[in-house]
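Visitor: output the structure for:
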Amino acid sequence: MGDEQKPEEPSPSDEGREKLLNELSASLGETLIESHLRAHEDLWLRVRVENWSDAVRTARAAGFLYFGFLSAIDWDIAPEGRYEDTEFDEGLTEEDEQPVELDASSGYAGGDSRFQLLAQLYSLERQLGLLLKADVGDDMTVDTIRDIFPGADWHERETHEMFGITFQGHPTLHPLYLPTEFEGHPLRKDFPLLARHVKPWPGVVDIEEIPEHLEAQLEAEVMAAFEAEGGEV
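Guide: Numbers count the residues shown, from 1 in each chain. Okay, the predicted model is just below:
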């Protein structure tokens, strides 16, 4: 009896989200690339980036009138390595001076690009949430949805500033946090963090300690920049 296997438990049913998935699949048609339903938790729909605003309009027409958030994900591996121990990290490796290939899964509903756009919408009538995602192309450009959800205005500005994604049709993609002359996009995995040159990420092993003269040099440069801005030591 020791070799007897237990029967597999049936997958949990979620009629509300299954019905919603069927409805939106029919409405989106070829715009929908892939979907993932996690019963009693969430529904992900990956749509074509060229139809991003159309997909959002379709979801709104289906009763998703509440805008939650909009942001992006960089699936690249940071130069220091990858430290998030999640199911999506399997198969992601880093070799010295070699380009890192993305895992095809790239999260729920998959992905084919380094950067992905995410938007969460909610239906108060259905009491269900929905996550739309799209692969961002090499031109790093996507249509704005601020005309559909005015609340997306701030989120698109932040995503533009932090990831470098341009939202066509958005009139005021001005910085929210950083100085106008600031160069780079801080939430990209390859953005250099000065603090991490001085102190490595927690949990990283086999990293040589920063030489004292370099640490003193960095500290002096930071203090000089501070004083140049009129700060007092």
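Visitor: so where do the helices sit in this structure?
Guide: 15-28, 52-61, 152-163, 194-198, 212-228 (DSSP state H).
Visitor: quick one, which of those helices is nearest to residue 127?
Guide: Closest of the helices of the chain to residue 127 is helix 15-28, at 8.0 Å (criterion: C-beta to C-beta). Placement of C-beta: from N, CA and C, glycine included.
Visitor: would you mark the buried spots in the closest one?
Guide: 17, 20-21, 24, 28 (16 or more other C-beta atoms under 10 Å).
Visitor: mind putting these into JSON lines with pLDDT and distance to residue 140?
Guide: Converted to JSON lines, those look like this (pLDDT from 0 to 100; distance: C-beta to C-beta, whole Å):
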{"residue": "17", "pLDDT": "95", "distance to residue 140": "32"}
{"residue": "20", "pLDDT": "95", "distance to residue 140": "31"}
{"residue": "21", "pLDDT": "96", "distance to residue 140": "30"}
{"residue": "24", "pLDDT": "96", "distance to residue 140": "27"}
{"residue": "28", "pLDDT": "97", "distance to residue 140": "24"}
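Visitor: please produce TSV containing the residues you listed, extended by distance to residue 215.
Guide: Converted to TSV, these look like this (distance: C-beta to C-beta, whole Å):
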residue	distance to residue 215
17	53
20	55
21	54
24	54
28	54
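Visitor: domains for this structure, by residue range?
Guide: 15-91+100-185, 193-233 (automatic domain parsing).
Visitor: and those, which is most packed in?
Guide: domain 15-91+100-185 (a mean of 16; mean count of other C-beta atoms under 10 Å).
Visitor: before we move on, the earlier item: just the closest of the buried residues of helix 15-28 to residue 159, please.
Guide: Using C-beta to C-beta, those come closest to residue 159 at residue 28, 22.5 Å.
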